[in-house]
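Peer 1: need the 3D shape of this:
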Amino acid sequence: MTTTTRRDDGNGSIAVAVGMSAGPLIALGLARFAYALLLPPMRDQLAWSYSAAGTLNTTNAAGYLIGALAAPTLATRLGARRCFLLGCAATALMLLATASTSSFALLLVIRLLAGLFGALSFVLGAGIVAEASHRASKGRAALMLGIYFGGAGLGIVLAGLLVPAILAVTDDSWRLGWVALAAVAAAATVVAAWACRRTSDPAPPAADAERWDRRSIAPVVAGYTCFGIGYIAYLTFVIALLTERGFSTPQVATFWAVVGVAASASGLVWGRVLGRLPGGRGMALVMGVLALGTAMPAWSTEPALAYVSGALVGGTFLTVVTAMTVAVREALPQPHWTAGMAFATVGFGLGQTVGPVLTGWVSDRLDSLTSGLLVSAAVLVLGIVLALAQPRPATGPGAERSTL
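Peer 2: As a prediction, the model looks like this:
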């Protein structure tokens with residue numbers, strides 16, 4: 001892929017951010033989070049325990065970890081935009097493959113590959129968007145990143161509209177659900193290709209560039225790891241919990257739409273706030289709201305409280321990713337942004353790998369999904385403490401203007 005079609009000068013094109021948001025839409029909104037909608041019928045028809053269901057998503061997270069580790073090297077060798085598009089297209093194929101088998105072993109492999117390719121698109125897309133806004137103010141950059149990550153919210157909304165309707169069609173409708181998600185992912189890949197033509201690959205570090213110190217972002221990465229453990233349990237099991245509590249198909253669809261709409265709007269709501277909070281303070285604030293929303297289903301079985309919980313979680317979980325990216329952008333020189341985000345994503349991937357199994361194990365042992373969610377909320381609180389330890393550099397990238 002050449003750079004002759006580059007049309008962005010680093011000042012922050014909103015159109016580019018919107019187009020690139022197709023990456024998170026595919027990698028997270030469809031390949032990761034829509035699993036929660038399809039889990040109840042898959043669990044019933046395939047006779048899975050909660051631990052087995054959690055293991056399938058843990059395998060997806062393990063693939064995500066592998067992809068995050070490989071992303072910087074692949075981007076250097078093949079080009080970030082090329083690898084980003086490869087990740088989008090391959091993830092769409094994995095969604096289609098999920099519909100083709102009932103074998104737990106094959107599904108483990110498919111979910112692993114979906115996580116791996118999803119990580120390529122998600123991590124490298126964030127680096128491309130950061131590059132596209134490197135001359136913009138900190139607030140503008142935060143807004144663009146929020147729009148980019150908000151693509152996952154749109155994926156959640158689309159899945160929430162499609163999947164519940166499909167599940168009402170036939171007894172084997174979970175397969176049709178995966179086929180529909182694959183079709184949406186294929187269309188989103190076309191949009192991503194359009195946006196890529198208007199960007200350029202992030203500049204690699206010069207051969208003689210100073211190495212960056214991972215300790216400079218260690219606190220925010222540790223907090224991000226706790227986020228990975230805590231948030232994924234909610235988004236994996238909350239639909240199963242609501243189904244157990246008697247939520248109808250329309251109620252489930254409405255709940256998932258609330259999560260998705262809140263996620264889509266979160267970048268616009270939080271962008272200016274994150275542009276003004278130094279170090280890990282932005283992450284700590286957002287994770288506080290996320291922890292509250294995660295714990296809410298344990299307090300009451302009232303449907304109204306479930307919707308409030310969905311709005312709080314939906315309105316914050318993607319913003320934690322934005323807050324991490326802003327913190328990395330603030331702490332490191334521009335050539336190291338992609339490597340720094342990949343390093344943080346490794347911690348995040350480790351957390352996601354542990355989260356579903358931990359919650360599934362606690363839920364099976366106590367015969368209560370709410371117990372698992374409370375454990376997840378406690379881990380998020382720990383992440384808040386760790387994120388607050390992230391310092392703000394006195395000089396360097398953190399000295400940027402913070403207005404839009």
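
Peer 1: C-alpha from now on. contacts and neighbour counts both.
Peer 2: Will do.

Peer 1: buried set for the lowest-mean-pLDDT helix or strand in the chain?
Peer 2: Lowest mean confidence among the helices and strands of the chain (mean pLDDT, DSSP states H and E): helix 337-366, at a mean of 81. Neighbour counts over helix 337-366 (16 or more other CA atoms under 10 Å) mark 337-364 as buried.

Peer 1: by how many degrees do the helix or strand that that helix is followed by and helix 337-366 diverge?
Peer 2: Using DSSP states H and E, the helix or strand that follows helix 337-366 in sequence is helix 369-387. Inter-element angle recorded for helix 369-387 and helix 337-366: 150 degrees (by axes from the mean of the first three to the mean of the last three CA atoms, to 10 degrees).

Peer 1: helices or strands next to helix 369-387 in the packing?
Peer 2: helix 218-244, helix 281-295, helix 337-366 (3 or more CA pairs under 8 Å, 6 or more residues apart in numbering; DSSP states H and E).

Peer 1: list the buried residues in the second one.
Peer 2: Using 16+ other CA under 10 Å as the test for burial, helix 281-295 gives 281-295.

Peer 1: follow-up on the earlier one: how far off centre is the least confident helix or strand of the chain?
Peer 2: Relative to its chain's centre, helix 337-366 lies at 12 Å (CA atoms, centre = their mean, to the nearest Å).

Peer 1: cool, stretch 59-75 as well?
Peer 2: The answer for stretch 59-75 is 14 Å, by CA atoms, centre = their mean.

Peer 1: buried set for that stretch?
Peer 2: For stretch 59-75, burial by neighbour count (16+ other CA under 10 Å) applies to 59-69, 71-72, 74-75.

Peer 1: what does that stretch rub up against?
Peer 2: 32, 80-83, 108-109, 111-120, 123-124, 338-339, 342-343, 345-346, 348-350, 352-353 (CA atoms under 8 Å, 6 or more residues apart in numbering).

Peer 1: same thing but at 7 Å, please
Peer 2: The contact list for stretch 59-75 (CA atoms under 7 Å, 6 or more residues apart in numbering) reads 83, 108, 111-120, 123-124, 339, 342, 345-346, 349-350, 352-353.

Peer 1: can I get the CA coordinates of that stretch in PDB?
Peer 2: C-alpha atoms of stretch 59-75 as PDB (Å, rounded to 0.1, in the frame of the first residue of the first chain):
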ATOM      1  CA  THR A  59      -9.600 -18.200  24.300                       C
ATOM      2  CA  ASN A  60     -10.700 -15.200  22.300                       C
ATOM      3  CA  ALA A  61      -8.900 -13.000  24.700                       C
ATOM      4  CA  ALA A  62      -5.700 -15.100  24.400                       C
ATOM      5  CA  GLY A  63      -5.800 -14.700  20.700                       C
ATOM      6  CA  TYR A  64      -6.200 -11.000  21.200                       C
ATOM      7  CA  LEU A  65      -3.100 -11.000  23.400                       C
ATOM      8  CA  ILE A  66      -1.100 -12.800  20.700                       C
ATOM      9  CA  GLY A  67      -2.300 -10.300  18.100                       C
ATOM     10  CA  ALA A  68      -1.300  -7.400  20.300                       C
ATOM     11  CA  LEU A  69       2.200  -8.800  20.800                       C
ATOM     12  CA  ALA A  70       2.600  -9.400  17.000                       C
ATOM     13  CA  ALA A  71       1.100  -6.100  15.900                       C
ATOM     14  CA  PRO A  72       4.100  -3.800  16.100                       C
ATOM     15  CA  THR A  73       6.400  -6.200  14.300                       C
ATOM     16  CA  LEU A  74       3.900  -7.000  11.600                       C
ATOM     17  CA  ALA A  75       3.200  -3.200  11.100                       C
END
